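S.K.: A predicted structure for the sequence below; I have some questions about it.
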Amino acid sequence: MSIRFRLLLSYIALLLVPIILTIIVGVFAGFYYIEDVHRNYPGIEKVHTMKQAVTKTEVLFSDIKKISLRNPEKFLEEEFLNDVEEKLLTFNAAFIVRKGDQITYGRSVFEYISETEELPQFGEYVYDVPITNDDIDEGLRLNQHDFYFTDGSEGSIFIITNIEPMRRNFQELINTLMITIVIIIVITNGTLTYLVAGSIVKPLSKLKDSANRIKEGDLDFEVKINEKDEIGELSQAFEEMRKRLKNSIDIQHQYEENRKELFSNISHDLKTPITTIKGYVEGIKDGVADTPEKMEKYINTIYAKTEDVDRLIDDLFLFSKLDLNKLPLHLKTIDLSKYFTDLLEELKFDLEEKSVDIHYDNKAGDSTLVVADVMQLKRVIVNIIENAVKYMDKPQGIINIILRPDNGDMIVEIKDNGQGIPTDTIAFIFDRFYRGDPARNTLTGGSGLGLAIAKKIIEEHDGRMWAESVEGEGTSIFFTLKKSKSGDIA
Ligand code: ADP
């Protein structure tokens, strides 16, 4: 759940939970309030709703009004009046009857009203006064009904309801409710804030710990935060960053190792021919080469060894240039098909002498225009073909060059039927100074830089290079070149 959604939910809960809880508490408190009023004032009729209370008093009041209109003299009869008052008492109410200026009934309510003058005059109220019309005192409610006695004198009935106990209880109810609402809000708010903040703060502090570990240089751990929210995404990005950082540091270490290995390899590869040269020169100096034939053999060996050193230095020089991206490529559009046909013509005789047949198979049709540096491309292909010849173990060697299109690329496969490469070492053949022969004997010659250089050149062309091989059956070296978009041959 996203943090945004979680915050929204908690906001809704912050609104709804207190409302629902308040309603529930309100209902229970309401019932308790009714019971409490009844318990404290057992004489008062038990009503459960305001409507019930209003209806009951209204019915009674309208009965009184009807009687006053039909039979006003009844309001002078003691017995009737006591009867009415008894009924009114069940609502905690009493009544006063006034004829002219005289109070004719209503002694029991004098404790509520101290002065008769406080009562409104005849006609001061509209005829049909609603029962909740007015308060004459905070705890008392007065309803007035005016009528005429048969002798024409003015009569008024005042119903006085003592709402004080209800009011006091109601006030208590409101106070309790208010306190409850505050408690509910504080608890809901606290709980939700704790939960939401916890779910945000906890993974954040985990992330902070991870950041500190990385700061200290410790990259060997996993940032594991499983949240499916923004923090989860942040952690994923963080983990990705840690992995890349670790990777680049590992690569740096690897480079460091490679550099060390490179130095030791160069020293070794230079030392071997130079030791031989030194030996032969000493032989000449000491007069060991005492015949012209011996002398020629010594000189030839020295020459061959100097050539080895020269080639190694050349390769190294080229590789370091490529490594520093200092080799400028002279890219132009060439027709690869024509290029191979010409190249094969050139190499054929040399290869025939070494019992190797070379064939070319164009599976790309007419569109064989690519962008390449012809000089460097030749270096790549000659390198691969030289390897195919070097590692040939069949009496009749066969090399096939196959051209295939692949989207915007052209794939070149150079396939031989030589000794092949073991599966566990095929991944290393493009590494600098990697040589399949662990003895590093000089039988086949080579510096172990050939394929590393070829791959670098192809990568400079924005291409890829890889190998497939079956041990004992042969090897295929593949590389890609970008197809020419312009289509013009330069
Ligand atoms: P080298 O100078 O040793 O030929 P390369 O970089 O050209 O160096 O090749 C690296 C290694 O890959 C070789 O030592 C050899 O073991 C292996 N290799 C390359 N090409 C072939 C091939 N066509 N057949 C068998 N092994 C090969």
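M.R.: Here it is on my side, so go on. Numbering: from 1, shown residues only.
S.K.: residues from the chain in reach of the ligand?
M.R.: Counting by CB under 6 Å from any ligand atom, the chain comes close to the ligand at 387-388, 391, 416, 418-421, 429, 434-436, 446-452, 475. Where C-beta positions appear, they are placed from N, C-alpha and C, glycine not excepted.
S.K.: Pull the contacting residues for the nearest residue to Gly420 once chain neighbours are set aside.
M.R.: Take Gly420 and drop its neighbours on the chain: the residue closest to it by CB to CB, 6 or more residues apart in numbering is Glu471, 4.0 Å away. With contacts defined as CB atoms under 8 Å, 6 or more residues apart in numbering, the neighbours of Glu471 are Gln419, Gly420, Ile421, Pro422, Thr423.
S.K.: Looking at stretch 399-409 now, give me its mean pLDDT.
M.R.: Average pLDDT, stretch 399-409: 94.
S.K.: Ok, stretch 79-87 next?
M.R.: 87.
S.K.: mind checking how far it is from the chain centre?
M.R.: Centre-to-centre, stretch 79-87 and its host chain are 80 Å apart (CA atoms, centre = their mean, to the nearest Å).
S.K.: Going along the chain, name the strands of the stretch 101-250 of the chain.
M.R.: 102-105, 134-137, 140-148, 154-162 (DSSP state E, counting those that start in this stretch).
S.K.: Please identify the deepest-packed of those strands.
M.R.: strand 154-162 (a mean of 22; mean count of other CB atoms under 10 Å).
S.K.: Return the list of strands paired to that strand, each annotated with direction.
M.R.: Strand pairing for strand 154-162, determined by DSSP bridges: strand 93-99 (antiparallel), strand 140-148 (antiparallel).
S.K.: Mean pLDDT added to these, as JSON lines?
M.R.: Shown next, in JSON lines, are the strands paired with strand 154-162 (pLDDT from 0 to 100):
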{"stretch": "strand 93-99", "mean pLDDT": "84"}
{"stretch": "strand 140-148", "mean pLDDT": "80"}
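S.K.: With respect to Leu8, which of those strands lies nearest?
M.R.: Each of the strands paired with strand 154-162 has some distance to Leu8 by CB to CB; the shortest is strand 140-148, at 47.9 Å.
S.K.: Excluding chain neighbours, what is closest to Lys482?
M.R.: Val371 (5.1 Å).
S.K.: And Lys348, by the same measure?
M.R.: Lys348 sits nearest to Ile358 (CB to CB, 6+ apart), 6.3 Å away.
S.K.: Show the contacting residues for that neighbour.
M.R.: Leu344, Leu347, Lys348, Leu351, Ile385, Ile398, Ile399, Asn400, Ile401.
S.K.: now swap in Lys285 and tell me
M.R.: Counting by CB under 8 Å, 6+ apart, Lys285 has no contacts.
S.K.: do Glu261 as well
M.R.: Phe433 are the contacts of Glu261 under CB under 8 Å, 6+ apart.
S.K.: which stretch of helix or strand covers it?
M.R.: Using DSSP states H and E, Glu261 sits in helix 230-285.
S.K.: For the residue nearest to Gly420, give its distance to Gln396.
M.R.: 19 Å (CB to CB, to the nearest Å).
S.K.: Also Thr104?
M.R.: Thr104 is 146 Å from Gln396, by CB to CB.
S.K.: returning to that earlier point: now the residue nearest to Lys348: which helix or strand?
M.R.: Per DSSP H and E: strand 356-362 holds Ile358.
S.K.: Quick one: residues in contact with stretch 334-345.
M.R.: Contacts for stretch 334-345 (CB under 8 Å, 6+ apart): 358, 360, 362, 364, 368-372, 374, 377-378, 381, 401, 403, 410, 412, 481, 489-490.
S.K.: no, scratch that, I was asking about stretch 346-355
M.R.: Asp357, Ile358, Val382, Ile385, Val389, Met392, Pro395, Gln396, Gly397, Ile399.
S.K.: can you name the two of the residues you listed that are farthest apart?
M.R.: Val382 and Pro395 (23.3 Å).
S.K.: helices and strands of the chain: which one bottoms out on pLDDT?
M.R.: strand 134-137 (a mean of 42; mean pLDDT, DSSP states H and E).
S.K.: Around the residue nearest to Gly408 when sequence neighbours are not counted, count how many other residues there are.
M.R.: Once flanking residues are discounted, Gly408 sits nearest to Lys483: 5.4 Å by CB to CB, 6+ apart. Residues within reach of Lys483, counting by other CB atoms under 10 Å, total 20.
S.K.: Would you mind confirming that Lys483 makes contact with Pro405?
M.R.: Yes. Contact criterion CB atoms under 8 Å: Lys483 and Pro405 qualify, at 7.5 Å.
S.K.: since we're on Leu207, how many residues are nearby?
M.R.: 16.
S.K.: Same list, the strands of the stretch 101-250 of the chain, but as a markdown table with distance to Val25 please.
M.R.: Output for the strands of the stretch 101-250 of the chain, formatted as a markdown table (distance: least, CB to CB, whole Å):
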| stretch | distance to Val25 |
| --- | --- |
| strand 102-105 | 45 |
| strand 134-137 | 29 |
| strand 140-148 | 28 |
| strand 154-162 | 28 |
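S.K.: any weak-confidence spans in this structure?
M.R.: The chain contains residues with pLDDT under 70 at 37-38, 40-54, 107-118, 124-141, 162-167, 437-446, 486-490.
S.K.: returning to what we had before: who touches both of Lys483 and Pro405?
M.R.: The contact sets of Lys483 and Pro405 overlap at Ser367 (CB under 8 Å, 6+ apart).
S.K.: Look up the closest residue to the residue of the stretch 51-200 of the chain found nearest the ligand, ignoring the ones flanking it.
M.R.: Proximity of the stretch 51-200 of the chain to the ligand (CB to the nearest ligand atom) peaks at Ile200, 55.3 Å away. Counting by CB to CB, 6+ apart, Ile200 lies nearest to Ile3, which is 6.3 Å off, once chain neighbours are set aside.
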